[in-house]
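K.L.:
Pasting the sequence and the predicted model now:
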Amino acid sequence: MRIVSPRTSTFWWAAAVTALLAIERPTPASANRIIVDQNAVATPGVFTSVQQAINDSGTVAGDEVFVRAGVYREAISLSKNITLACEGPHLVELRNDLGDTIVAAVGAIVTIKGCRITGSGNGIVLRQDCVATILNNVIVGNGVDGIASFRSSPKIGGSVMRNNVITSNSYGIHIDSARCGFNDPCCASVPSVTVENNILYANRSRDRSIECVSSVIVQYNNAIGNATNFYLPGKGSSEFSEDPSFVDPSRADFRLLATSTSRDRGNPTEPDPDGTRNDLGAFGGPDSWGFFPPLDGAGPSISAMSVEPNPVDKGGTVTLRATGRVNVQ
Ligand SMILES: [Ca+2]
């Protein structure tokens, strides 16, 4: 009979709990995850300010700055080729009441996902030659535009804006230039921009105005209640204007009701974590794994779990395998 000390037993149990709760896609082995938590005590590798985490000399290209729940009032400059990931757009608000909230520097290659972004200026500004992947954000109530790239030749080709809710801004998406027009030769070498599975809702001006890219793919977006819907480019064949049926937009709750017709309407090649077709907006699509399903109490519930090998030698390594089911209400 094997005798296990209490301390070792406690450690193993803690490891099991961590494994159960870690319903998150792990960061690549080569990348670091730097934690920002305004409720934590700052220690090496844990920050209370987003910008401090980005600026830290230990944060390098390929890393992920991961922001835990809270309202973070600061101007954020993304000057490194990193991922800025929030715990969820219902949990984390990035807010700047004194100007633009997130500015991606000239030449930056960035991913911004899972955040609620608001402020007095633009929500996200992409400076020249940026390549931005903007996923699963709620970009709401900005004094100027939701996503903006203008005032110079933007050249943000290759950028992707997918599964966001963009609402109550001036323009929802505003990609413009004093130099270049749509399909202008000066932009001919710039790769395409993709805008899909977004809900563009009740913006004060145009839902989107996208110029100065060699081509733009717009598909599976729902645009409704903006001063102009499907402004530039025009409406794609897979796009529509229907009430998204948010849970409670007056309280910034942009999850979809069970009856929403924006469920299961996104790009069929980009399914939700439960395997169903993509739900438009910030709480659907393949990158919503950290905060899917959208409604409280919907799971996932663990239906089976095994520990291998069992028994395991003291100091040995076990593998936990769990089967979970997501109950979409
Ligand atoms: Ca779905």
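P.N.:
Noted; the coordinates are in hand.
K.L.:
pull the CA atoms of stretch 117-133 into PDB?
P.N.:
Extracted C-alpha coordinates of stretch 117-133, given in PDB (Å, rounded to 0.1, in the frame of the first residue of the first chain):
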ATOM      1  CA  ILE A 117     -13.300  49.300 -25.000                       C
ATOM      2  CA  THR A 118     -14.700  52.800 -24.400                       C
ATOM      3  CA  GLY A 119     -13.600  56.400 -23.900                       C
ATOM      4  CA  SER A 120     -13.800  60.000 -25.100                       C
ATOM      5  CA  GLY A 121     -11.700  59.500 -28.300                       C
ATOM      6  CA  ASN A 122     -11.500  56.500 -30.600                       C
ATOM      7  CA  GLY A 123     -11.800  53.000 -29.200                       C
ATOM      8  CA  ILE A 124      -8.900  51.500 -31.200                       C
ATOM      9  CA  VAL A 125      -6.500  53.500 -33.400                       C
ATOM     10  CA  LEU A 126      -4.400  51.700 -35.900                       C
ATOM     11  CA  ARG A 127      -1.400  53.700 -37.000                       C
ATOM     12  CA  GLN A 128       0.300  53.300 -40.300                       C
ATOM     13  CA  ASP A 129       1.400  49.800 -41.400                       C
ATOM     14  CA  CYS A 130      -0.400  48.100 -38.600                       C
ATOM     15  CA  VAL A 131      -1.700  44.500 -38.800                       C
ATOM     16  CA  ALA A 132      -4.300  44.100 -36.200                       C
ATOM     17  CA  THR A 133      -6.500  41.100 -35.400                       C
END
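K.L.:
What sits closest to the residue of the stretch 201-329 of the chain at minimum distance from the ion if chain neighbours are left out?
P.N.:
The nearest approach of the stretch 201-329 of the chain to the ion comes at residue 276, 3.5 Å away (CB to the ion). To be clear about C-beta, it is placed using only N, CA and C from the backbone, and glycine gets the same treatment. Of all residues not flanking residue 276 in the chain, residue 264 sits nearest, at 5.8 Å (CB to CB, 6 or more residues apart in numbering).
K.L.:
What of residue 272?
P.N.:
Nearest non-adjacent residue to residue 272, counting by CB to CB, 6+ apart: residue 284, 5.3 Å away.
K.L.:
Residue 287 now?
P.N.:
residue 135 (4.6 Å).
K.L.:
any weak-confidence spans in the stretch 1-150 of the chain?
P.N.:
1-30 (pLDDT under 70).
K.L.:
mind listing the strands for it?
P.N.:
33-36, 46-47, 64-67, 70-73, 76-78, 83-86, 92-96, 102-104, 109-113, 116-119, 124-126, 131-135, 138-140, 147-149 (DSSP state E, counting those that start in this stretch).
K.L.:
Quick check: what element follows the last one along the chain?
P.N.:
Using DSSP states H and E, the helix or strand that follows strand 147-149 in sequence is strand 160-162.
K.L.:
Next SSE downstream of that next one?
P.N.:
strand 165-167.
K.L.:
Please state the offset of the next helix or strand along the chain from that following strand from the chain centre?
P.N.:
Using DSSP H and E, the helix or strand that directly follows strand 165-167 along the chain is strand 173-175. Distance of strand 173-175 from the chain centroid (CA atoms, centre = their mean, to the nearest Å) equals 18 Å.
K.L.:
What pairs with strand 173-175, parallel or antiparallel?
P.N.:
strand 147-149 (parallel), strand 208-210 (parallel) (DSSP bridges).
K.L.:
contacts for it?
P.N.:
Residues from elsewhere that reach strand 173-175, judged by CB atoms under 8 Å, 6 or more residues apart in numbering: 126, 145-150, 154, 156, 161, 166, 193, 195, 200, 206-213.
K.L.:
For the stretch 151-300 of the chain, which residues are neighbours of the ion?
P.N.:
Contact residues, the stretch 151-300 of the chain versus the ion (CB under 5 Å from the ion): 264, 272, 276, 279.
K.L.:
one more time with 6 Å, if that's ok
P.N.:
263-264, 272, 276-277, 279, 284 (CB under 6 Å from the ion).
K.L.:
of those residues, closest to residue 172?
P.N.:
Residue 172 has its nearest neighbour among these in residue 284, at 17.9 Å by CB to CB.
K.L.:
For that closest one, which residues are in contact?
P.N.:
Per CB under 8 Å, 6+ apart, neighbours of residue 284: 163, 197, 256, 263, 266, 272, 278, 292, 294.
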